[in-house]
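Student: Sharing a model that was predicted from the sequence below.
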Amino acid sequence: MSSAILRHAQPLLTLRAPLFAGLAAAVLLSVVIGGVAVFGNGEIALPRAVGGVQPAPVIVASSHDVRPDNGLDDEGIRFLDPEGEGEVSLSGVREDFYAPAVTESPADTRGSDPADAEARLSAVSTNPDALARAPIAGLTEPGPGGPLPIIAGNGTRPSRAYARPYHGDPGAPTIAVVVGGMGLNSTVTQAAIDELPPEVALSFAAYTRDLQGWIDRARAAGHEVLIEAPMEPFDYPNNDPGPHTLLADGTAEENSRRLSWVLSRATGYFGVTNYLGARFSASQGAMRQVFGTLESRGVAFLHDGAGRRSTIEAAADATNITYAVADRILDEDLSPDAIDERLLALEALAIQNGSALGTGFAYPATVEQIRDWAISLDLRGYQLAPPSAVMARRRLEARLAEEAAAATDHDDTASTDHRWARDPDGTGANDLHAAAADSGH
């Protein structure tokens, strides 16, 4: 009986602990409330929940707006001065610290334009192929449109000072290439500057906008430069090279004025080349006048090969100008195969004559074919040289040939004198010594 009563009362006994805890909490709460009522503010109201429960608003800030939403939509972040009279200081920084003033040279007033910054960064970077910036001191004088080239007081000529240095093997077949028409198409011009080997020369049209800027870029990439003088073609004026065209029947004064305009368009070129000019180059008198002016200013001349070679050579010999006539025009046919055939012809001429010179125009196909052809040129046993080097080589070869011919004629004359002066009896010994002295032996 007793065990049954205990078994039924056991659940009631397990409720004692929670019951005692609840009673203790109630007593403690009563004591707190009583204490507040006696010693505190009796009007304090307990917090109450009013209304439904709403989720807190979420503010999503874009990457361009990280300003906190403080209810002031029209105001940005405000920086409040610190309270008190003391100044704000940074730990570790002296109170007398100041930033040094930024100074600029008088010529450096280009500001912070991104293009100027890029140009200045490019100028600072070292390019082993870069040529000296033009103009070089002592090689210019004022002209109608800018500086005119002159021979310096120490004898330095623009044709040498602005040429690309070259130290090749004189016994190896040498090839030089000039690409003309630069500056007329900015895309092709920039591609030629960037993609062609620095030994390839670039000639610029005199009417190019920002001509000096383009020449500076070309020289910075290592290319030596020529400027193109517009010359009268046979179908002039239907085919008009421009208002400063040199005319075969023009007066010496007018052609001189037009040539001075061309030469003063920019500086940094080692030579002049023709733009068109089949009729002009057929006039030896007109060519001699131009060559005389260029020689007096120390500028070389390179003809693209589309003219009477004999007339050009005769005028050049008469003025002693440094010159060359191209052996092949590379892109009369613009197909890639035709251009490759002309380049192969240059290789054959280089083997035959020791050097070869080709010219092309600023066509995309011309630039691409020359670029690809030049990649493995040295592996085939050829050396690519700037045109100025080939011109100097040919000038030296011509001078040595003249000296050899003169020496041969002199030796023939001397041997004839010896033969007729010989005395079988030996009585003419004095005359023999005199003849030998006269012959230079």
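Tutor: Looks like it arrived, so ask away. Residues are numbered from 1 along each chain as shown.

Student: what about the helices in this structure?
Tutor: Secondary structure of the chain by DSSP state H: the helices cover 2-13, 16-39, 114-124, 158-161, 186-195, 211-220, 252-263, 284-296, 309-319, 336-353, 364-375, 387-421, 429-439.

Student: and the ones you listed, which one is worst for confidence?
Tutor: Of all those, mean pLDDT reaches its minimum on helix 429-439 (a mean of 37).

Student: Flag the shaky bits of the stretch 51-200 of the chain, pLDDT-wise.
Tutor: Along the stretch 51-200 of the chain, segments meeting pLDDT under 70 span 51-125.

Student: ok, now which ones touch Trp373?
Tutor: In this structure, Trp373 makes contact with 340, 343, judged by CB atoms under 8 Å, 6 or more residues apart in numbering. Every C-beta, even on glycine, is put in place using the N, C-alpha and C of the backbone.

Student: Apply 10 Å and report the result again.
Tutor: Contacts for Trp373 (CB atoms under 10 Å, 6 or more residues apart in numbering) come out as 175, 177, 330, 339-340, 342-344, 346-347, 380, 384.

Student: Closest one of these to Val299?
Tutor: Among those, Val177 lies closest to Val299 (CB to CB), at 20.4 Å.

Student: can I assume the closest one is in contact with Pro197?
Tutor: Yes. In this structure, Val177 is within contact of Pro197 by CB atoms under 10 Å, at 8.8 Å.

Student: Give me the more crowded residue out of those two.
Tutor: Higher neighbour count among Val177 and Pro197: Val177, with 28 against 17, using other CB atoms under 10 Å.

Student: hmm, back to that, what is in contact with Val177 and Pro197 at once?
Tutor: 370, 374, 384, 386.

Student: And the last one, how far from Gly307?
Tutor: Spelled out, it's Pro386. 22 Å (CB to CB, to the nearest Å).

Student: for the third one, same thing?
Tutor: Here the criterion is CB to CB. By it, Leu384 lies 25 Å from Gly307.

Student: and the longest strand for this protein?
Tutor: Ranked by residue count, the top strand of the chain under DSSP state E comes out as strand 174-182.

Student: what's the angle between it and helix 336-353?
Tutor: Strand 174-182 and helix 336-353 are oriented at 140 degrees to each other (axes from the mean of the first three to the mean of the last three CA atoms, to 10 degrees).

Student: Show me what counts as buried in strand 174-182.
Tutor: 174-182 (16 or more other CB atoms under 10 Å).

Student: go on, stretch 328-345?
Tutor: 328, 330-331, 339, 342-343.

Student: again, but for stretch 228-235
Tutor: 228-233.

Student: which one of these sits closest to Pro158?
Tutor: The nearest one, if we look at the buried residues of stretch 228-235 relative to Pro158 and count by CB to CB, is Ala229, at 15.0 Å.

Student: Roughly how far does the closest one sit from Asp210?
Tutor: Distance from Ala229 to Asp210, by CB to CB: 19 Å.

Student: Next, count neighbours for the residue nearest to Ala134 when sequence neighbours are not counted.
Tutor: Take Ala134 and drop its neighbours on the chain: the residue closest to it by CB to CB, 6 or more residues apart in numbering is Gly268, 2.9 Å away. When neighbours are counted by other CB under 10 Å, Gly268 registers 26.

Student: Next, the contact list for Gly268, please.
Tutor: Listed by CB under 10 Å, 6+ apart, the contact set of Gly268 reads 131-136, 139, 147, 149, 158, 161-162, 204, 211-212, 215-216, 218-219, 224-225, 227.

Student: cool, Glu228 as well?
Tutor: By CB under 10 Å, 6+ apart, the contact list for Glu228 reads 180-183, 203-208, 241, 262, 265, 269, 272-277, 304.

Student: Ok, Asp378 next?
Tutor: Residues in contact with Asp378, defined by CB under 10 Å, 6+ apart, are 172, 384.

Student: cool, and the one 3 residues further on?
Tutor: Residues touching Gly381, when contacts are defined by CB under 10 Å, 6+ apart, comprise 172-173, 347, 350-351.

Student: so which of these comes closest to Ile321?
Tutor: Among the contacts of Gly381, and counting by CB to CB, the member closest to Ile321 is Ala350, at 23.9 Å.

Student: So that closest one versus Leu246, what's the distance?
Tutor: Distance from Ala350 to Leu246, counting by CB to CB: 32 Å.

Student: Relative to Ser30, how far out is Ala316?
Tutor: Taken as CB to CB, the span from Ala316 to Ser30 is 125 Å.

Student: quick one, which of the two is more surrounded?
Tutor: Set Ala316 next to Ser30 and count neighbours by other CB under 10 Å: Ala316 wins out with 21 against 10.

Student: do you know how far that one is from Glu295?
Tutor: Ala316 is 9 Å from Glu295, by CB to CB.

Student: so what sits against both of the two?
Tutor: 301, 322-323.

Student: Among the residues you listed, which one has the most neighbours?
Tutor: Phe301 (26 neighbours).
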